[in-house]
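Q: Starting from these lines, generate the structure:
(chains A and B)
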There are 2 protein chains.
Amino acid sequence: MKGYLQVYTGNGKGKTTAAIGLAIRAAGAGLPVLFAQFIKGQKYSEIGALERYSDLITIKQYGRGCFIEREAQNEDVECALKGLQELKFLLQSNKYRVVILDEANIAMHYKLFTVNQLLELIHSSTSDCEIVVTGRCAPQELIDAADLVTEMKEIKHYYASGVQARKGIEC
Amino acid sequence: MKGYLQVYTGNGKGKTTAAIGLAIRAAGAGLPVLFAQFIKGQKYSEIGALERYSDLITIKQYGRGCFIEREAQNEDVECALKGLQELKFLLQSNKYRVVILDEANIAMHYKLFTVNQLLELIHSSTSDCEIVVTGRCAPQELIDAADLVTEMKEIKHYYASGVQARKGIEC
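A: Residues are numbered from 1 along each chain as shown, chains lettered A, B, ... in the order given. Sure, this is the predicted structure:
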């Protein structure tokens, strides 16, 4: 890996949101972006919005499209591993300057794959490519390997007051 | 103000980036967005990228286009106050569902305006509008008034290893 590894973790709002911002900033500079998302498979508003940049941003979703409750199912593991395999191929294509692995931390938290499998993928990249990993519960081995880590820390959240996720704001 | 007030602060990378992501997610849901930026006036990659959404995202920059070193100049104050005035008018137009006040915290830190002036602007909004304030050094009064606060906490940053801001990644 020749580029830098960025990690956005923590329990606060803003991780996937920042990943979307990174994708847009890179596209604004004409850099090709791969936006890969684990766990989630729903067509959230941000995924729809990124489609306007389909000339520069490639979107891949490797989730079943529903949240994992308590324990992961075999199907969740299969989707994630299929993702890792495809990503290894895509990273070796040298087509992307920014690669976002959204919610990869959560995928590891649910044991869909190990941190060693993720680090192996990251290190398999031979191009000058920025890799961005998001999701709460980043494992220490990933933090140690990263060049930049931001913890999005929840100071206050309106979910605590009963506000539901709203279309266009959270999803 | 009928919507919620979100604040993104802290010394870590990801605040303006998250604001860009919020703008994109909202646009993806068809919500009209006002993206107002204090201090900065440069045409960064993200500003260029947002122009592809000009049907839904309106961009306003109220900075001189250069960083403030040590103390603010009269011109910095004039730009910021002109911004507040225009924003008051724009907020009352009821045209926007999401209003981002990027780097407003830094503007207050440099005493370009006070937190009371900002809160007055925010409370002058009569529409059902989400307001998002970013920038390090958010004043306590703003945090107290907010419904959601995320602190972007720097755990590691490659600037410390001498990496310069890169086009498409940071600017």
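
Q: So which other helices or strands are in contact with the longest helix along chain A?
A: The longest helix of chain A (DSSP state H) is helix A:74-92. The contact analysis (3 or more Cβ pairs under 8 Å, 6 or more residues apart in numbering or on different chains; DSSP states H and E) places helix A:74-92 against strand A:33-38, strand A:57-62, strand A:98-102, helix A:115-124. Bear in mind the C-beta positions are built from the backbone N, C-alpha and C, glycine included.

Q: need those in JSON lines with mean pLDDT and distance to chain B, can you?
A: Output for the helices and strands packed on helix A:74-92, formatted as JSON lines (pLDDT from 0 to 100; distance: least, Cβ to the nearest Cβ, whole Å):
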{"stretch": "strand A:33-38", "mean pLDDT": "97", "distance to chain B": "9"}
{"stretch": "strand A:57-62", "mean pLDDT": "96", "distance to chain B": "10"}
{"stretch": "strand A:98-102", "mean pLDDT": "98", "distance to chain B": "7"}
{"stretch": "helix A:115-124", "mean pLDDT": "96", "distance to chain B": "15"}
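
Q: Could you export the ones you listed as a markdown table, including mean neighbour count and distance to residue B:44?
A: Formatted as a markdown table, the helices and strands packed on helix A:74-92 follow (neighbours: other Cβ atoms under 10 Å in any protein chain shown; distance: least, Cβ to Cβ, whole Å):
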| stretch | mean neighbour count | distance to residue B:44 |
| --- | --- | --- |
| strand A:33-38 | 25 | 16 |
| strand A:57-62 | 20 | 18 |
| strand A:98-102 | 27 | 15 |
| helix A:115-124 | 17 | 27 |
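
Q: In a markdown table: those, plus distance to residue A:137.
A: Below are the helices and strands packed on helix A:74-92 laid out as a markdown table (distance: least, Cβ to Cβ, whole Å):
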| stretch | distance to residue A:137 |
| --- | --- |
| strand A:33-38 | 13 |
| strand A:57-62 | 18 |
| strand A:98-102 | 14 |
| helix A:115-124 | 11 |
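
Q: picking up where we left off before, gap between the longest helix of chain A and the chain center?
A: Remark: helix A:74-92 is offset 13 Å from the chain centroid, using Cα atoms, centre = their mean, to the nearest Å.

Q: What are the buried residues along it?
A: By neighbour count with 16 or more other Cβ atoms under 10 Å in any protein chain shown, helix A:74-92 contains the buried residues A:76, A:79-80, A:83-84, A:87, A:90-91.

Q: So of these, which two are at opposite extremes in space?
A: For the buried residues of helix A:74-92, the farthest-apart pair by Cβ to Cβ is A:76 and A:91; their separation is 22.2 Å.

Q: show me the contacts for the most centrally placed residue in chain A.
A: With distances taken as Cα atoms, centre = their mean, residue A:102 lies nearest the centre of chain A, 0.9 Å away. By Cβ atoms under 8 Å, 6 or more residues apart in numbering or on different chains, the contact set of residue A:102 is A:16, A:19, A:35-38, A:40, A:134-135.

Q: please redo it, this time with the cut-off set to 6 Å
A: For residue A:102, the contact set (Cβ atoms under 6 Å, 6 or more residues apart in numbering or on different chains) comprises A:16, A:19, A:37, A:134.
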